[in-house]
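Colleague: Any chance you could fold what I've pasted below:
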Amino acid sequence: MVDDIYSAAKVRLAPQPMTENREALATFQEHHRLIQGQWHESRFGQLVAGIKKDVVVTNQLLDRLGHVAIYGWHQLDGNPIQPLTTVHVESYVDYSHGIRLVDRWALVDGKPMLVSEVLRDVNLCELLSDEEPLEVVGYQTKSAVRPAQAP
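Modeller: Presented below is the predicted three-dimensional model:
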């Protein structure tokens with residue numbers, strides 16, 4: 001899906017890799033400034049690619065519980081900087097990771113279908129993934145923990 005989104009994007013920005021202090025707030029801010037430097041107001045409302053690595057789903061996560069899968073950040077020639085990796089634990093973040101929100105529903109042959117069902121289907125999974133049917137189709141969320149009330 002990431003590769004297809006890149007191919008379909010009307011706006012393709014050049015990746016802006018940074019190598020120092022990858023987890024620092026200042027690096028997030030500087031990276032945002034670099035992205036904005038490539039942005040033009042006329043591009044609002046168009047599909048954009050090249051800004052960040054995408055967080056993705058993959059069956060490789062079956063062997064890497066508590067990890068996150070990352071892929072992409074395509075260069076202008078269409079090649080991704082980041083091959084599929086599950087090296088990071090799920091709590092790790094740095095300036096280069098992005099979340100692309102995708103609707104839960106897709107139209108398959110004109111009929112609404114949950115994306116998770118498409119990904120699990122042996123005949124349809126190739127519409128959205130280059131893997132066999134997926135068992136891992138999302139990430140678990142943790143409930144918000146409220147701090148104990150002070151007496």
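Colleague: so what are the domain limits for the chain?
Modeller: 2-100, 102-140 (automatic domain parsing).
Colleague: Please state the offset of the longest one from the chain centre?
Modeller: What separates the centre of domain 2-100 from the centre of its chain is 7 Å, taken as Cα atoms, centre = their mean, to the nearest Å.
Colleague: what's the span of it, first residue to last?
Modeller: 9 Å (Cα to Cα, to the nearest Å).
Colleague: what is the rounded mean pLDDT of it?
Modeller: Taken as a whole, domain 2-100 has a mean pLDDT of 93.
Colleague: biggest helix in this protein by residues?
Modeller: helix 25-38 (DSSP state H).
Colleague: how about the domains of the chain in TSV, adding mean neighbour count?
Modeller: The way it works is simple: take the backbone N, C-alpha and C, and place the C-beta from them, glycine included. Below are these laid out as TSV (neighbours: other Cβ atoms under 10 Å):
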stretch	mean neighbour count
domain 2-100	15
domain 102-140	14
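Colleague: Run through who's touching stretch 130-145.
Modeller: Contacts to stretch 130-145, defined as Cβ atoms under 8 Å, 6 or more residues apart in numbering, come from residues 3, 55, 57-59, 61-62, 68, 90, 115-116, 119-122, 125.
Colleague: which pair in the residues you listed spans the largest distance?
Modeller: Greatest spacing in the contacts of stretch 130-145, by Cβ to Cβ: Glu90 and Val122 (27.9 Å).
Colleague: For this structure, which segments are assigned as helices?
Modeller: 2-8, 25-38, 115-120.
Colleague: For these, give me CSV that also has distance to Thr85.
Modeller: Listed next are those as CSV, based on distance: least, Cβ to Cβ, whole Å:
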stretch, distance to Thr85
helix 2-8, 13
helix 25-38, 19
helix 115-120, 19
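Colleague: Looking at those helices, which is nearest to Pro15?
Modeller: helix 25-38 (9.6 Å).
Colleague: ok, Tyr6 to Asp63 distance?
Modeller: 27 Å (Cβ to Cβ, to the nearest Å).
Colleague: and the gap between the nearest residue to Leu13 once chain neighbours are set aside and Gln38?
Modeller: Nearest residue to Leu13, sequence neighbours excluded (Cβ to Cβ, 6 or more residues apart in numbering): Gly50, at 4.0 Å. As judged by Cβ to Cβ, Gly50 and Gln38 stand 9 Å apart.
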